[in-house]
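J.: Attaching a predicted model along with its sequence, questions to come.
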Amino acid sequence: MAIDPGLTRCGIAVIDVAANRKVSFVAVETLRTASDTDLPTRILELSILLERFLDQHQPDLIAIERVFSQQNLRTVMGTAQISGVAMLLAARL
């Protein structure tokens, strides 16, 4: 499973790799929250949606994209907060 974290749009995808190394697409989704919703509610909404997706697909591995460079501190903070939620949920699997 791969997660591209974000507060407004959080991308998630699942692939399957068979023993013969054949890769197949399983699912892809964009989780969204409204930018005019308060931050705690947005984080809660995304955590519920992410947890539901994890429960449904039960991935063996999870890759979470890291923030590497960004000029907008607000964007960096939101991405980091959702990354933390994703890491917490992944650790609970």
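T.: Thanks, I have it.
J.: Which residue ranges of this structure form helices?
T.: With DSSP state H as the criterion, the chain has helices at 39-57, 73-91.
J.: which of those has the lowest average pLDDT?
T.: Ranked by mean pLDDT, the helices of the chain bottom out at helix 73-91, which scores a mean of 90.
J.: contacts for that helix?
T.: For helix 73-91, contacts defined as C-beta atoms under 8 Å, 6 or more residues apart in numbering pick out 3, 5-8, 10, 39, 43, 46-47, 50-51, 54, 62, 64-67, 70. (Each C-beta comes from the backbone N, C-alpha and C, glycine too.)
J.: Out of the residues you listed, which end up buried?
T.: For the contacts of helix 73-91, a burial check counting by 16 or more other C-beta atoms under 10 Å picks out 3, 5, 6, 7, 8, 10, 43, 46, 47, 50, 54, 62.
J.: The first one reaches residue 64, doesn't it?
T.: Yes: the pair residue 3 and residue 64 qualifies as a contact (C-beta atoms under 8 Å) at a distance of 4.7 Å.
J.: can you list the helices of the chain in a markdown table and add distance to residue 17?
T.: Output for the helices of the chain, formatted as a markdown table (distance: least, C-beta to C-beta, whole Å):
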| stretch | distance to residue 17 |
| --- | --- |
| helix 39-57 | 14 |
| helix 73-91 | 18 |
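J.: So which of those helices is nearest residue 24?
T.: When those are compared by C-beta to C-beta, helix 39-57 sits nearest residue 24, at 13.0 Å.
J.: next one: phi and psi at the residue of the chain most remote from its centre?
T.: In the chain, residue 20 marks the outermost C-alpha relative to the chain mean, sitting 27.8 Å out by C-alpha atoms, centre = their mean. Backbone torsions for residue 20, taken as degrees, to the nearest 10, come to phi -90, psi 10.
J.: This completes my enquiry, with thanks.
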